[in-house]
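Peer 1: Sequence and predicted structure are below.
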Amino acid sequence: MSRASSGSSMPSADLNSVPTLEQFIITRREQFPQATGSFSRLLRDVSVAAKIINHNIRRAGILDVLGETGTVNVQDERQKKLDEIADRELVRALRRGGECCLIGSEEQPETIPMSPDAKAQERFAVFFDPLDGSTNTDVNASVGTIFSIYTLPEGVQPDDALGVALRPGSEQVAAGYVAYGSSTMFVFSTGNGVNGFTLDPGIGEFLLTHPDLRIPEHGARYSINEADREDFVPELRDFLGWLKRKDPETGARIRSRYIGSFVSDFHRNLLTGGIYMYPATADHPEGKLRLMYEANPMAYLVEQAGGRASDGHRRILDIDPDALHQRTPLFIGSAPLVEAAEAFLQGREAEGTAR
Ligand code: AHM
Ligand code: MG
């Protein structure tokens, strides 16, 4: 790869000292308990699909890929053209890579078993939301891809794989997301902290820009769709009132930010501190977000970054799933804020202040 001719505005001396995603995976292999060639290739396959999805998103208006396909997905949601493209590219990349035994996607009613003679030594199950927040694509707002990886024991037949793969999020071996924002970032964890990589479009590589991300303890932002307030339980309304109080000592106030794109809201809160909430509502009595490919991977990341994720009563990563598209209420972000939400929801006294 010739970095000198990249066209990047970054000085080449700096660029050369920043590891790419692939270099990082190879050089840190010994830190990944599950590190094998096939696991590294699996992560690379996801990152290649992310670059192709990014390419489509960046040219969305030009290519006429915005808007709806005219079909409704398994979630009863109208599918966007970009949803379909993102799903297709991820499935293609994983199929081509051959490291994966089973795929579960938000856009597919059933899991997709790979060929039983796939060349994989290790067998991975990958769950993903190909394009989260896709209602934002028509208005040029940021969206994301979320993925979750489990290992399956050797000898599992594709027909039995889903039953075996539906395990609590604490058993994920890796999880991550790609945020297609003002820049494109690939953020992931294999259980050894969280690292963030920014795509340099000039050279087509993800570069390590956010090593060892930690979520600030004292959150500055809360994210919830307050249009649903009437549907919230009184305990949640009380929690929101508590959040909005001025800090008695500093006079600081928490700020509200809600993009309606979970990846983007989560990413901002991971960097600045805060809490994202999608509780049970009248329209979504079990919450809106899906456990296997939205809540679990983000819960894994937030815990790796020092934060917390809960359904209000239980740790997200402890929930024993029983269906691919199962939903859950979600409270995720800076640990003290999530603890305070849990305290309110469970009728206990919250400790500390919101900020
Ligand atoms: P999606 O996966 O179909 O895009 O749905 C999930 C999205 C989240 O990204 C976002 O936080 C939430 O739905 C927004 O829902 P609402 O419009 O009800 O606030
Ligand atoms: Mg989603």
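Peer 2: Cool, got the structure. Ligands and ions are numbered 1, 2, ... in the order given.
Peer 1: okay, CA-based contacts and neighbour counts for the rest of this
Peer 2: Fine.
Peer 1: So the residue in the stretch 1-150 of the chain that ligand 1 sits nearest to versus residue 223, what's the distance?
Peer 2: Of all residues in the stretch 1-150 of the chain, residue 133 sits closest to ligand 1, with a separation of 3.4 Å (C-alpha to the nearest ligand atom). The gap separating residue 133 from residue 223 is 14 Å, by C-alpha to C-alpha, to the nearest Å.
Peer 1: Can you pick out the residue with more neighbours from those two?
Peer 2: Applying other C-alpha atoms under 10 Å to residue 133 and residue 223 shows that residue 223 carries more neighbours, namely 23 against 20.
Peer 1: partner residues bridging the more buried one?
Peer 2: Residue 223 has these beta-bridge partners by DSSP bridges: residue 276.
Peer 1: contacting residues for it?
Peer 2: 256-258, 265, 274-277 (C-alpha atoms under 8 Å, 6 or more residues apart in numbering).
Peer 1: Up against ligand 1, what does the stretch 101-250 of the chain have?
Peer 2: 132-134, 225 (C-alpha under 6 Å from any ligand atom).
Peer 1: Redo those residues as CSV? Include pLDDT.
Peer 2: As requested, those are arranged in CSV below (pLDDT from 0 to 100):
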residue, pLDDT
132, 96
133, 93
134, 87
225, 97
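Peer 1: Most neighbours among these, which one?
Peer 2: Busiest of these [other C-alpha under 10 Å] is residue 132, holding 27 neighbours.
Peer 1: Quick check: phi and psi at it.
Peer 2: Residue 132 has phi and psi values of phi -80, psi 140 when expressed as degrees, to the nearest 10.
Peer 1: looking at it, it is touching residue 143, isn't it?
Peer 2: Yes - using C-alpha atoms under 8 Å as the test, residue 132 is close enough to residue 143 to be in contact (5.8 Å).
Peer 1: Between these two, which contacts overlap?
Peer 2: 261, 263.
Peer 1: tell me the contacts of the residue lying closest to residue 328 once chain neighbours are set aside?
Peer 2: The spatially closest residue to residue 328, leaving aside those adjacent along the chain, is residue 287, at 4.9 Å (C-alpha to C-alpha, 6 or more residues apart in numbering). In this structure, residue 287 makes contact with 278-281, 327-330, judged by C-alpha under 8 Å, 6+ apart.
Peer 1: Kindly report the same for residue 220.
Peer 2: Residues in contact with residue 220 (C-alpha under 8 Å, 6+ apart) are 253-255, 272-274, 355.
Peer 1: Okay, now the unreliable bits of the stretch 51-200 of the chain?
Peer 2: 64-67, 69-70, 73-75, 77-79, 115-122, 158-159 (pLDDT under 70).
Peer 1: what ranges do the strands span in the stretch 151-300 of the chain?
Peer 2: Ranges of strands in the stretch 151-300 of the chain, per DSSP state E, counting those that start in this stretch, are 174-180, 184-189, 195-200, 205-210, 221-223, 255-256, 274-278.
Peer 1: how about the helices in this structure?
Peer 2: 12-17, 21-27, 37-58, 60-63, 81-97, 158-165, 234-244, 262-272, 296-304, 335-345 (DSSP state H).
Peer 1: Pick the most buried one from those helices.
Peer 2: helix 296-304 (a mean of 27; mean count of other C-alpha atoms under 10 Å).
Peer 1: and the angle from that one to strand 184-189?
Peer 2: 70 degrees (axes from the mean of the first three to the mean of the last three C-alpha atoms, to 10 degrees).
Peer 1: quick one: helix 296-304 to chain centroid distance?
Peer 2: 8 Å (C-alpha atoms, centre = their mean, to the nearest Å).
Peer 1: Return the residues in contact with residue 342.
Peer 2: Applying C-alpha under 8 Å, 6+ apart, the residues contacting residue 342 are 310, 312-313.
Peer 1: Could you rerun that using 6 Å?
Peer 2: Contacts of residue 342 were listed using C-alpha atoms under 6 Å, 6 or more residues apart in numbering, and they are residue 312.
Peer 1: Now residue 204: phi and psi?
Peer 2: Dihedral angles (degrees, to the nearest 10) for residue 204: phi 70, psi 30.
Peer 1: Closest one to residue 27 out of the contacts of residue 220, please.
Peer 2: Nearest to residue 27 out of the contacts of residue 220 is residue 272 (C-alpha to C-alpha; 29.0 Å).
Peer 1: Which pLDDT value goes with the closest one?
Peer 2: Note on residue 272: pLDDT of 95.
Peer 1: Please report how far the nearest residue to residue 193 once chain neighbours are set aside lies from ligand 1.
Peer 2: Counting by C-alpha to C-alpha, 6+ apart, residue 304 is the residue found nearest to residue 193 once chain neighbours are left out, at 5.0 Å. As judged by C-alpha to the nearest ligand atom, to the nearest Å, residue 304 and ligand 1 stand 21 Å apart.
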